[in-house]
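Chemist: Everything below, folded, please.
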Amino acid sequence: MRLSSLADYAVVMMSAAARHCGGVARLNATSLAEETGLPLPTVQKLVSRLSAAGLIESARGTGGGFRLSRPAAAISLADIVEAIEGPIGMTSCVDGGRHDCCIEENCRVKPHWNAVNGAVKGALAGVSLASLSGVPA
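Modeler: Have a look, this model is predicted:
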């Protein structure tokens, strides 16, 4: 399992945001791009996705920018990954949707994927943005 570059960049960006006054001060995309080394269009794309997921708040105009929507200690690595990648699922067996697996009816492993998926998601949920960014919880 490997996270996409966008998910990785989102974690880097959110960590930088958390270090700025605990995410309370508003940041702009340009300064965050400069600080993290991420391209400005990528930061803007991530701001849009993270805002849609409710992890950051953004405001336009003078004095605008964005900030964390809640304390860094209340945002988990799972929250960030799911905002970019969608629901965490090791296989399509765990997503509850329609499956195109030709062995699904006779699969003896399928009943165990929920436990594996839960363990992975739980591990990601157990890591806070505060711990990733080194800010006090």
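
Chemist: which parts of stretch 54-71 are buried?
Modeler: Neighbour-count burial for stretch 54-71 flags 55-56, 58, 65-69, 71 (criterion: 16 or more other CB atoms under 10 Å). In this view, the C-beta of every residue, glycine as well, is placed from N, C-alpha and C.

Chemist: can you give me the mean pLDDT across the strand or helix carrying residue 10?
Modeler: Assigned by DSSP states H and E, residue 10 belongs to helix 5-19. For helix 5-19, mean pLDDT is 95.

Chemist: picking up where we left off before, ok, so of the buried residues of stretch 54-71, who is nearest residue 136?
Modeler: Comparing the buried residues of stretch 54-71 against residue 136 with CB to CB places residue 71 closest, at 10.0 Å.

Chemist: quick one on the thing from earlier: could you tell me which of the buried residues of stretch 54-71 belong to strands?
Modeler: Among these, the ones falling in strands (DSSP state E) are 56, 58, 65-68.

Chemist: just for this protein, where's the confidence low?
Modeler: For the chain, applying pLDDT under 70 flags the ranges 21-24, 95-99, 137.

Chemist: Next, name the residue at the spatial heart of it.
Modeler: The centroid of the chain falls nearest to residue 80 when counting by CA atoms, centre = their mean (1.2 Å).
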